[in-house]
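A.B. asks: sharing a model prediction with you, sequence too.
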Amino acid sequence: MKLLDRKALCAKVPYSDRWILKLEAAGRFPKRIVLSPRRVAWDEAEIDAWIESRRQSNEKAAAPQANFS
């Protein structure tokens, strides 16, 4: 398992710390792993899966709808 610190996470996901915290609280972003009272990290595989799920949902939304009327 590879862990991403905050700097590496922000390089992969262009969101602010505040927005990531809001998404985590809403259950819409992978949870951080608390390493110590002042150090957190995220599982890179979970972040990659989250990015892929966002990509797939965007592709579905952009797909043209067939009109059979």
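C.D. replies: Here it is on my side, so go on.

A.B. asks: residue contacts, residue 32?
C.D. replies: 24, 40, 41, 42 (Cβ atoms under 8 Å, 6 or more residues apart in numbering). Where you see a C-beta, it was placed from the backbone N, CA and C, and this is true even at glycine.

A.B. asks: ok, what's across the strand from the closest residue in space to the third one that isn't next to it in sequence?
C.D. replies: Taking Cβ to Cβ, 6 or more residues apart in numbering, and ignoring the residues beside it in sequence, residue 41 has residue 3 as its nearest neighbour in space, at 3.8 Å. Beta bridges link residue 3 to residue 43 when assigned by DSSP bridges.

A.B. asks: hey, where'd the strands end up in the protein?
C.D. replies: Remark: strands assigned in the chain by DSSP state E are 3-4, 33-36, 39-43.

A.B. asks: from the chain's centre, how far out does the second one sit?
C.D. replies: With Cα atoms, centre = their mean, to the nearest Å as the basis, strand 33-36 stands 18 Å off its chain's centre.

A.B. asks: and it, which strands flank it?
C.D. replies: Strand 33-36 has these strand partners (DSSP bridges): strand 39-43 (antiparallel).
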